[in-house]
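Enquirer: Predicted model follows, preceded by the sequence.
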Amino acid sequence: MALRIGIVGLGFMGKMHFETYGRMKNARVTAICDVDPTKRAGDWSGIAGNIGGGGSRVNLSGIHVYSRLGDMLGDPAVDVVDITLPTYLHARAAIAAFKAGKHVICEKPMAINSSAAASMVKAARRARRRLFVGHCIRFWPQYAVARKIVRSGKWGRVLTAAFRRFSTTPTWSWRNWLLNPKRSGVAALDLHIHDADFVLYTFGKPRAVAARGGGLGRDRMDHIIASYDFGGGRLVTAEGAWEFAPGFPFSMTFTIVMQKATLNLGTDLKLSLHRMRGGTTEVKVPAGDGYGHELNHFVECIRKNKASPVVSPESALRSVKLIEAEVRSALGRKTVPVRL
């Protein structure tokens with residue numbers, strides 16, 4: 001039997017999740033919830049984002065439509081609540097869903113701060129329900145394959161690694177919440193966390209971090225560059241930015257230099273391996289994107305009532321804490337220890 005999903009929040013990620021579930025056999029959307037009557041009527045033409053196509057009209061026949069989360073939580077035809085709301089609303093919605101006896105899939109970042117994220121972990125434990133946080137880069141084929149190559153040790157230890165993620169300024173969000181630091185954490189927490197999380201997932205906890213930030217105003221983190229101290233002379237950096245002008249192309253790239261080879265993900269999303277002794281190979285990766293692999297994985301975990309071996313709630317909480325350390329470093333213009 002397919003798992004029954006209720007999506008709350010019909011912005012860019014709500015649309016992406018809705019479309020992804022539509023291609024799955026083991027899950028189906030049975031309910032949606034949003035405050036916007038236009039979206040509830042199936043007109044999603046105003047939805048936009050930094051990747052993928054724009055919105056359109058959607059056939060919502062057979063799907064229960066709600067304007068209030070509390071009403072959707074009372075729907076017996078919903079097994080899982082998929083939270084794609086603005087970040088500052090994640091914890092409140094998740095805790096309400098757990099109290100209603102639902103499992104939760106929550107879009108990244110987990111919450112607006114580590115205190116709110118920790119409250120989500122506690123609520124899931126009390127309710128004995130599953131909580132999954134959508135760190136899709138852990139599932140993105142190019143990143144997942146690169147991690148396996150790095151951790152295999154076949155090409156020697158990592159000497160340097162640089163991750164980059166650039167976007168045009170996100171002016172498309174509901175009531176412009178993405179550009180409100182108190183609601184989104186701006187680029188540091190919303191965009192850059194993809195790569196900070198992947199650094200943690202791949203290399204473990206750094207001893208310290210040194211970061212610098214700037215962007216669209218004083219003390220804003222619309223552009224952040226972080227350098228992670230792992231010791232042993234290894235240089236690992238991640239840069240995330242979204243202060244670029246309209247029309248600037250979105251990109252996510254990385255370069256990982258090992259003793260015997262260099263891995264590179266270009267703007268064309270092709271993963272290549274360059275051997276130190278000469279020769280370049282394009283690395284084959286599974287088909288699909290991180291959203292599909294991620295949601296299929298979460299749904300199967302819920303169906304089998306097991307924790308995810310890829311992303312635990314505790315690991316998602318640690319990623320929020322790492323971003324907080326980076327912001328402290330950038331604001332204080334100093335290296336700070338990382339305590340997760």
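Expert: Received the coordinates, thanks.

Enquirer: Show me where the chain has its helices.
Expert: 12-22, 37-40, 69-73, 90-99, 114-127, 141-152, 181-184, 186-190, 193-203, 290-303, 313-332 (DSSP state H).

Enquirer: Pull the CA coordinates from the third one and hand them back as PDB.
Expert: Read that as helix 69-73. Extracted in PDB, the C-alpha atoms of helix 69-73 (Å, rounded to 0.1, in the frame of the first residue of the first chain):
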ATOM      1  CA  LEU A  69      -2.400  22.800   9.200                       C
ATOM      2  CA  GLY A  70      -4.500  21.700  12.200                       C
ATOM      3  CA  ASP A  71      -7.300  20.600   9.900                       C
ATOM      4  CA  MET A  72      -4.900  18.600   7.700                       C
ATOM      5  CA  LEU A  73      -3.400  16.900  10.800                       C
END
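
Enquirer: circling back: tell me which of the helices of the chain sits most buried.
Expert: Mean neighbours per residue, mean count of other CB atoms under 10 Å, is largest over the helices of the chain for helix 186-190, with a mean of 27. Glycine gets a C-beta too; all of them are placed from N, C-alpha and C.

Enquirer: same for that one, what does it pack against?
Expert: For helix 186-190, the packing partners by 3 or more CB pairs under 8 Å, 6 or more residues apart in numbering; DSSP states H and E come out as strand 223-229, strand 235-244, helix 313-332.

Enquirer: Determine how far that helix lies from the middle of the whole chain.
Expert: In terms of CA atoms, centre = their mean, to the nearest Å, the centre of helix 186-190 is set 11 Å apart from its chain centre.

Enquirer: and it, average pLDDT?
Expert: For helix 186-190, mean pLDDT rounds to 98.

Enquirer: Not counting it itself, show me its contacts.
Expert: Applying CB atoms under 8 Å, 6 or more residues apart in numbering, the external contacts of helix 186-190 come out as 87, 109, 112, 167, 178-180, 184, 213, 215, 220-224, 240-243, 320, 323, 326-327, 330.

Enquirer: Please tabulate the helices and strands packed on helix 186-190 in CSV and include mean pLDDT as additional columns.
Expert: Below are the helices and strands packed on helix 186-190 laid out as CSV (pLDDT from 0 to 100):
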stretch, mean pLDDT
strand 223-229, 98
strand 235-244, 98
helix 313-332, 98
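
Enquirer: right, and those - which one's nearest Gly266?
Expert: Closest approach to Gly266 among the helices and strands packed on helix 186-190 (CB to CB): strand 235-244, 15.9 Å.

Enquirer: for Asp79, phi and psi?
Expert: In terms of degrees, to the nearest 10, the main-chain angles of Asp79 are phi -90, psi -40.

Enquirer: who touches the nearest residue to it once chain neighbours are set aside in this structure?
Expert: Spatial nearest neighbour of Asp79, excluding adjacent residues (CB to CB, 6 or more residues apart in numbering): Arg4 at 4.6 Å. Taking CB under 8 Å, 6+ apart, we find Arg4 in contact with Ala27, Arg28, Thr30, Ala31, Ala77, Val78, Asp79, Val80.

Enquirer: who wins for most neighbours among these?
Expert: Most neighbours among the contacts of Arg4, by other CB atoms under 10 Å: Val78, with 27 neighbours.

Enquirer: can I assume that residue is in contact with Leu69?
Expert: No. Under the criterion of CB atoms under 8 Å, Val78 makes no contact with Leu69, lying 10.9 Å away.

Enquirer: what is in contact with those two at once?
Expert: Between them, Val78 and Leu69 share no contacting residue under CB under 8 Å, 6+ apart.

Enquirer: Bridged to the residue nearest to Asp79, which residues?
Expert: Arg28 (DSSP bridges).

Enquirer: Equivalent analysis for Val8, please.
Expert: Beta-bridge partners, per DSSP bridges, of Val8: Cys33, Ile83.

Enquirer: confidence score at it?
Expert: Taking Val8 on its own, its pLDDT is 98.

Enquirer: And for the one 10 residues further on?
Expert: Listed pLDDT for Phe18 reads 97.

Enquirer: Lys304 too?
Expert: pLDDT for Lys304: 96.

Enquirer: Would you mind naming the residues that bridge with His223?
Expert: Counting by DSSP bridges, His223 forms beta bridges with Gly214, Ala241.
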